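Chemist: no sequence on this one, just coordinates:
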């Protein structure tokens, strides 16, 4: 059975922020790549100079990738 990545970045909320869990524990709510990198550095490796947000197998992005921070438009009402 494949192992689940320890970091899950949830889809953008109505405010544009994304909830982040590490090993099933909510560790924060971030609004951009910089905030996410700082949060993960604190949670995973405080001595790391950088955190690879795109190429790391430790991170699973849901509802978009590292560049998706805005709320998806609701197209169900046909404007």
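Modeler: Everything's here; your move. This structure is a prediction, so every number in the text was calculated from the model and none was measured.
Chemist: residues of stretch 34-49 that come out buried?
Modeler: Within stretch 34-49, the residues that qualify as buried are 35-37, 39-40, 43-44, counting by 16 or more other C-beta atoms under 10 Å. Any C-beta I mention is one placed from the backbone N, CA and C, and that applies to glycine too.
Chemist: make CSV out of those residues and add distance to residue 26 and pLDDT.
Modeler: Shown next, in CSV, are those (distance: C-beta to C-beta, whole Å; pLDDT from 0 to 100):
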residue, distance to residue 26, pLDDT
35, 15, 95
36, 14, 96
37, 18, 95
39, 11, 96
40, 14, 95
43, 11, 92
44, 15, 90
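Chemist: beta partners for the residue nearest in space to the middle of the chain?
Modeler: By C-alpha atoms, centre = their mean, the mean C-alpha position of the chain lies nearest to residue 9, the distance being 2.8 Å. Residue 9 has these beta-bridge partners by DSSP bridges: residue 20, residue 61.
Chemist: let me know the pLDDT of it.
Modeler: On the pLDDT scale, residue 9 is placed at 97.
Chemist: which ones are touching it?
Modeler: By C-beta atoms under 8 Å, 6 or more residues apart in numbering, the contact list for residue 9 reads 18-20, 36, 59-62.
Chemist: can we see that at 10 Å?
Modeler: 18-21, 30, 36, 40, 53, 59-66, 68 (C-beta atoms under 10 Å, 6 or more residues apart in numbering).
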